[in-house]
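>>> Please work out how this folds:
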Amino acid sequence: MSGFTGFSGSAQAMSLVAFSAVATITLLLCVMTGPDRDDLDEFYTGYGSLSPMRNGLAIAGDYISAASVLGTGGVIALCGYDGIVLALSTALSLMLLMFLLAEPLRNAGRFTMGDALARRLPGRGVRVATCAVTIAALLPLMLVQLAGAGQLMAFILGFSSESLKTGCVIGLGALMISYAAIGGMKGTALIQILKIVMLLGSGALVAVLILRRFAWDAGALFDAAARQSGAGDAFLHSGLQFAGGASPRLDMITSELTIVLGGACLPHITMRMYTASSARQVRRSLSWAVSSVALFVLVITVVGFGATALIGRAAIAAADPQGNTAYLLGSRAAFGPDVSTGETFLFTTVTTAIFLTLLASVAGMILACANSLAHDVFAAYARDMTARREMSLARLSALTIGVPAILLATLVQHRSLQPLVTLSFCLGASALAPALVYGLFWRRYTRTGLICTLIGGSLTVLLLMPGTNLVSGSPVAAFPDADFNWFPFTTTGIVSIPAGFAFGWLGTVVSGRRKAEEQRRQYEAVEGWILAGAVRRGN
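Residues are numbered from 1 along each chain as shown. All right, here's what the predicted structure looks like:
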């Protein structure tokens, strides 16, 4: 490999050493900060011992996954303006969580989303359904990160053997399971903090280098990217990403709405709300998180446009049709043809930050699924389960979730992974978002309504998703040679989000007026608790 799209032997060797060092150090951190065997609060929430700044950085770290860095960077590099809107939607999603859901979630829940929903609607059915949707929403994202890990290491280190890629997926997957099982909430939080600091620090330096190459003129950078995109002025206007669809503008709006609602309600994000010791701490933590994500949006916009301006859209698409390598290519191109030792070190920091992003993202998702499985299913079904046994089950659950995820990732690593990312956000927006909004704010909401929301919203997504153009009917689909594309939108949100809310309303109506009034009285008894934290949270 050579030119702007290649990496020198020294950069590859340095990256391999850095990857090994980071994996060793982070695993050691998890061992050192891991909880005692019988301390559930420490495992699930870390005792809320993190300061607002650290907790905010951990939230931002969980929020900015490898799919965000690589996927969003690719959309910016290939589609310009539409990519910026996508990046801004991720920031808006976190603001929605901050202003609407964060404090009620923290007040109502203890360890998991099942706790928050079962606070006023208790029952095993509620907890099992919440656990099932939690796993369904996060498993696709885990597959994306795991499969992307093998591709990323192959791209950076220059090897093409399929067995080596599969070995990377398996090895990294085992490491991620270890993070979740050993470190618990505090261990994964430390990894998230390390990751976000490295990612933002190295990315900001690369963005500065790119702007320096264009005489600190953002307008010149955008104009150069438009010229090199092959799309002209269309690169700087909306519609390029969804061009060719039945309703490009409506498709774009629906996709952004799905990201805003889904991103705010994914369980590995909402579980961080329980790590704050008070409502005030939640607000301060999310202020830090929103600021960090806003900085990330600026960085990835400059790097994405810089990649297109410096090496061209065609070269980015040739390296990866989805543009997932655009962030790395833009970082490499920022240095020019002659790379100094210092610039090689900076590039190594960038690749290590991406590598750590992959590790930390999956560890957080495995932890969220394992916590839900252990606490909402096993502990809820067993009477008088000891804390030590529940923690052992949580660690075993991390293995139960992680091993199938690794095996599935090895099977899907050669397919387009965009449908899996979209599936996770659609499930978050169509099942979890209506459940949380109704469960936290609607007084008459019943247990039947909640079950209908979770199951109905999820089934609607799963029925519509195979018909989208991400699965078939386009060259970059998961099955490019097949064509069963009957749904005219990229995401299912235009149908599944209203359906999720409608199922919840219908289930509540079907429950009958007497049941709804009973639920209203139960909600009023805990309303001050949920909305204002009027009663100190107990066990």
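>>> now the residue minimising distance to the centre of the chain, nearest residue through space, not along the chain?
Among the residues of the chain, the smallest C-alpha distance to the mean C-alpha position (Cα atoms, centre = their mean) belongs to residue 65, namely 4.8 Å. Closest residue in space to residue 65, ignoring its immediate chain neighbours: residue 361 at 4.0 Å, by Cβ to Cβ, 6 or more residues apart in numbering. C-beta here means a position set from N, CA and C on the backbone, and glycine is covered the same way.
>>> Quick one: residues contacting the one you found.
Residue 361 makes contact with 62, 65, 66, 67, 141, 145, according to Cβ atoms under 8 Å, 6 or more residues apart in numbering.
>>> Double-check that it belongs to a helix.
Yes: when DSSP: H, G, I helix; E, B strand; the rest coil is applied, residue 361 is found to be in a helix.
>>> Counting neighbours, which bits of stretch 288-304 end up buried?
Judged by neighbour count using 16 or more other Cβ atoms under 10 Å, the buried positions of stretch 288-304 are 288-290, 292-297, 299-304.
>>> so which of these would you say is closest to residue 77?
Nearest to residue 77 among the buried residues of stretch 288-304 is residue 304, at 4.5 Å by Cβ to Cβ.
>>> Please identify which of the buried residues of stretch 288-304 is nearest to residue 221.
Nearest to residue 221 among the buried residues of stretch 288-304, with distances taken as Cβ to Cβ, is residue 302, at 7.2 Å.
>>> how near is the closest one to residue 248?
Using Cβ to Cβ, to the nearest Å, one gets 26 Å for the distance from residue 302 to residue 248.
>>> cool, residue 467 as well?
With Cβ to Cβ as the criterion, residue 467 and residue 248 are 18 Å apart.
>>> just residue 529 next, same as before
With the distance defined as Cβ to Cβ, residue 529 ends up 46 Å from residue 248.
>>> Below-threshold pLDDT in this structure: ranges please.
Counting by pLDDT under 70, the low-confidence segments of the chain come to 1-9, 36-39, 46-49, 159, 245, 338-339, 382-383, 533-539.
>>> circling back: looking at the contacts of residue 361, which is nearest residue 351?
The shortest separation between residue 351 and any of the contacts of residue 361 is 12.2 Å, and it belongs to residue 66 (by Cβ to Cβ).
>>> Identify, from the contacts of residue 361, the entry nearest to residue 373.
Where the contacts of residue 361 are concerned, and distances follow Cβ to Cβ, residue 373 has its nearest neighbour in residue 141, at 16.6 Å.
>>> Can you tell me the element that closest one falls in?
Assigning secondary structure by DSSP states H and E places residue 141 in helix 124-157.
>>> centre of the chain versus that helix, how much separation?
Between the mean C-alpha point of helix 124-157 and the mean C-alpha point of its chain there is a distance of 9 Å (Cα atoms, centre = their mean, to the nearest Å).
>>> I would like the residues contacting whatever helix or strand comes next after that helix, please.
Counting by DSSP H and E, the next helix or strand C-terminal to helix 124-157 is helix 162-178. Outside helix 162-178, the residues that touch it by Cβ under 8 Å, 6+ apart are 23, 27, 30, 146-147, 149-151, 153-154, 159, 358-359, 362-363, 366, 398-399, 402-403, 405-406, 409-410, 413.
>>> Which among those residues count as buried?
Neighbour counting over the contacts of helix 162-178 (16+ other Cβ under 10 Å) leaves 23, 27, 30, 146-147, 149-151, 153-154, 358-359, 362-363, 366, 398-399, 402, 405-406, 409-410, 413 as the buried ones.
>>> Quick one: the strands in the chain, in order.
Per DSSP state E, the chain carries no strands over any range.
>>> who touches the closest residue to residue 417 other than its chain neighbours in this structure?
Once flanking residues are discounted, residue 417 sits nearest to residue 144: 4.6 Å by Cβ to Cβ, 6+ apart. Applying Cβ under 8 Å, 6+ apart, one finds that residue 144 lies in contact with 66, 67, 417, 420, 421.
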